[in-house]
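**Student:** let me see the structure of the following:
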Amino acid sequence: MRQGAGAPAGQNVAVTNSGGGTLTAVTAAVSYAQGDGWLTVAAAGSGNSQTLANTVIPGTLAPGVYTATVNVTASGASSASYSVRFAVTASDVTLSSLDVTPATIVVNTHASQLFTAVAKDSDGNILDPQPAISWSVSDGQTINAANGVFTADTSAGGPYTVTAAASYGDVTKTVMATVTVVRPITVTAPAAGSVLLAGSTMTVTWTVMPDKTDTGIMIEVSPDGGETWARLTPEAINNDDAAVYDGNTGTFSWTVQSPVVVEGGAQVGLYSENARVRVSAPYAQMVTYDEAGPLSIRPADNPVAVPYLPHGENGASFHLVRVNDGGMTLQVRYPGRYTASITGLDGSRLGLLQGSGNAAYRIGGATVWAGAYCIRLDCSDGTTVVRPVFLAW
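**Tutor:** Residues are numbered from 1 along each chain as shown. The predicted structure follows:
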């Protein structure tokens, strides 16, 4: 066989019984005169009708002649053996070129793009088998070295150079492609670090690329750094909406309120020191987006972040605060999901809620009496924190 070509066709050896009785299952052991591991022998059949399937696996064997001896045994029978011989000749086919697809492309932030390469000989024929292709990309960008999947980050930039490399025999070839990352949508407000109070207006502004035709903008808010999202726009905002767009710049205003409804229909408190806003738009069957944050969203009657005291070994902490209208707010800090309940000493439940991340929740009605309360926090790590809290005013 020629070096680099596919494996030769397998050969079967019949096992016969030259004596009386019936053969038990036969076994085969291979010993190599040259090389190692290039032959597999598989037994099939039973009794006096058994065969041994011989398959050569040349792999990357160098040119030369290879022989091996197969020793065949069966319980109660004398052993037998046979030889397998094959030759590897030097290949007259060399790697001449690599063709990469796509040769140049523009992708959105957050998107992925598959690059492929095909190795050919000097006559333009596709090599069979194909050599392994390795991938790399310039400027600290990300590409899977084995399968050629490029993953864009959150920043626009480029063009970046994608390099494919392959070796065939003693010949190595490389080919280059380019990829440019664009951000079709950019959130310009609110600014990171902004403090927003309940009842105030949060103004979201963004720009879209002039050569993009979107099928609608969706605006969402997250109370937990992007783990869960609540949609603020009931319907998609289109570029032709004159009330929203001025050229390529869009503006949307929302009155800050808590709780909000997240995916799945659950209500989650929005008060948080790690809130984010996301504006997304589907372009060519691919959703692209940009975010603003972190943001501080707080109750109107408690505009100053309240210090939290740790109450659990897992770092969970909470704080119960009386607000000006006679009600109270439960403020929780925990990185995961949790269920919180607040009960009075008489067993009456003032509140039961589910949330995640750092958040604050309005508890009870307009009037909450001074006294002792019990707060129970069931955390997603399986731990439970129960502590009494005393309110006096």
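**Student:** ok, the strand or helix carrying E220: who's next to it in the sheet?
**Tutor:** Assessed by DSSP states H and E, E220 sits inside strand 218-222. Sheet pairing of strand 218-222 (DSSP bridges) gives strand 230-231 (antiparallel), strand 272-283 (antiparallel).
**Student:** among the ones you listed, which is nearest K173?
**Tutor:** Closest to K173 of those is strand 272-283 (C-beta to C-beta; 35.2 Å). From N, CA and C alone the C-beta is placed, and that goes for glycine too.
**Student:** pLDDT of the strand holding E220, averaged?
**Tutor:** The pLDDT scores in strand 218-222 average 89.
**Student:** for G355, give its distance to R337.
**Tutor:** 7 Å (C-beta to C-beta, to the nearest Å).
**Student:** ok, now A145?
**Tutor:** 36 Å.
**Student:** please apply the same query to W135.
**Tutor:** According to C-beta to C-beta, W135 and R337 sit 38 Å apart.
**Student:** repeat that for E273.
**Tutor:** 17 Å.
**Student:** and for T329?
**Tutor:** Distance from T329 to R337, by C-beta to C-beta: 20 Å.
**Student:** in the stretch 1-150 of the chain, which spans are helices?
**Tutor:** Secondary structure of the stretch 1-150 of the chain (DSSP state H, counting those that start in this stretch): no helices present.
**Student:** and the strands in it?
**Tutor:** 11-15, 27-32, 39-46, 49-56, 64-74, 77-88, 97-101, 104-108, 112-114, 116-120, 133-137, 142-143, 149-151 (DSSP state E, counting those that start in this stretch).
**Student:** can I get those strands in JSON lines with distance to G347?
**Tutor:** Converted to JSON lines, the strands of the stretch 1-150 of the chain look like this (distance: least, C-beta to C-beta, whole Å):
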{"stretch": "strand 11-15", "distance to G347": "81"}
{"stretch": "strand 27-32", "distance to G347": "75"}
{"stretch": "strand 39-46", "distance to G347": "73"}
{"stretch": "strand 49-56", "distance to G347": "76"}
{"stretch": "strand 64-74", "distance to G347": "80"}
{"stretch": "strand 77-88", "distance to G347": "84"}
{"stretch": "strand 97-101", "distance to G347": "69"}
{"stretch": "strand 104-108", "distance to G347": "55"}
{"stretch": "strand 112-114", "distance to G347": "54"}
{"stretch": "strand 116-120", "distance to G347": "67"}
{"stretch": "strand 133-137", "distance to G347": "63"}
{"stretch": "strand 142-143", "distance to G347": "55"}
{"stretch": "strand 149-151", "distance to G347": "54"}
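**Student:** would you turn these into JSON lines with mean neighbour count?
**Tutor:** Formatted as JSON lines, the strands of the stretch 1-150 of the chain follow (neighbours: other C-beta atoms under 10 Å):
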{"stretch": "strand 11-15", "mean neighbour count": "13"}
{"stretch": "strand 27-32", "mean neighbour count": "14"}
{"stretch": "strand 39-46", "mean neighbour count": "14"}
{"stretch": "strand 49-56", "mean neighbour count": "17"}
{"stretch": "strand 64-74", "mean neighbour count": "16"}
{"stretch": "strand 77-88", "mean neighbour count": "13"}
{"stretch": "strand 97-101", "mean neighbour count": "15"}
{"stretch": "strand 104-108", "mean neighbour count": "17"}
{"stretch": "strand 112-114", "mean neighbour count": "15"}
{"stretch": "strand 116-120", "mean neighbour count": "18"}
{"stretch": "strand 133-137", "mean neighbour count": "18"}
{"stretch": "strand 142-143", "mean neighbour count": "16"}
{"stretch": "strand 149-151", "mean neighbour count": "17"}
